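1. show me how the following folds:
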Amino acid sequence: MRPIAPGLFTEESQPRLVGGRHRETGRIVFPCPPGDDYVPFPLARQGTLWSYTIQRYRPKSPPYAGPEAFAPWPVGYVELPGETIVEARLCEVDFAAIRIGMPLELTFVPLDPEAPEPVLVHAFRPARGAA
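-> So this is what the prediction gives:
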């Protein structure tokens, strides 16, 4: 499997998303913008759910490259403490169990599990051990 975009996450055993820290202001964003104004900055793997919605329609193709048989999925804004807010899929959670403020952890899921060469996208799931 390969990442949906090069340089989007680190190649550690526990990969982290790569944001960018502005050289002058220190502001952290995701993803890391091209150019010299930002330096790559590995982001935290844990955060809290800031807001969310349920994606109930199949996105336009391109750029969507997922399965033809679309199933709704939750999309959230995850606040990484002291860093930034990241948009990502939410996985391994029932729609009814999603709560603003719930602790989440980074994971990676295939965009289309049935594809011959699946592409990985970042996602967040409920943090292990969180009540």
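2. could you point out the longest strand of this protein?
-> strand 46-55 (DSSP state E).
3. now do the buried residues in the next helix or strand after that strand.
-> Using DSSP states H and E, the helix or strand that directly follows strand 46-55 along the chain is strand 73-80. Neighbour-count burial for strand 73-80, counted by 16 or more other CB atoms under 10 Å, picks out Pro74, Gly76, Tyr77, Val78, Glu79, Leu80. From N, CA and C alone the C-beta is placed, and that goes for glycine too.
4. for strand 73-80, give the mean pLDDT please.
-> Mean per-residue pLDDT for strand 73-80: 97.
5. partners of that strand, with directions?
-> strand 46-55 (antiparallel), strand 84-90 (antiparallel) (DSSP bridges).
6. so which of those comes closest to Arg2?
-> Nearest of those to Arg2, taken as CB to CB: strand 84-90 at 17.4 Å.
7. contact partners of the closest one?
-> Residues external to strand 84-90 that are found in contact with it (CB atoms under 8 Å, 6 or more residues apart in numbering): 17, 19, 28-30, 43, 47, 49-50, 52, 73-80, 98, 104, 109, 121-125.
8. stretch 20-31 now?
-> 5, 7-8, 17-19, 32-33, 36-41, 43, 83-84, 86.
9. let's see it at 7 Å
-> 8, 17-19, 32-33, 37-41, 43, 83-84, 86 (CB atoms under 7 Å, 6 or more residues apart in numbering).
10. picking that back up, what's the offset of the longest strand of the chain from the middle of its chain?
-> 10 Å (CA atoms, centre = their mean, to the nearest Å).
11. now swap in stretch 38-49 and tell me
-> 10 Å.
12. list the buried residues for it?
-> Tyr38, Phe41, Leu43, Ala44, Arg45, Gln46, Gly47, Thr48, Leu49.
13. distance to Asp94 and pLDDT added to the residues you listed, as CSV?
-> Listed next are those as CSV, based on distance: CB to CB, whole Å; pLDDT from 0 to 100:
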residue, distance to Asp94, pLDDT
Tyr38, 37, 98
Phe41, 33, 98
Leu43, 26, 98
Ala44, 25, 98
Arg45, 22, 98
Gln46, 21, 98
Gly47, 20, 98
Thr48, 18, 99
Leu49, 14, 99
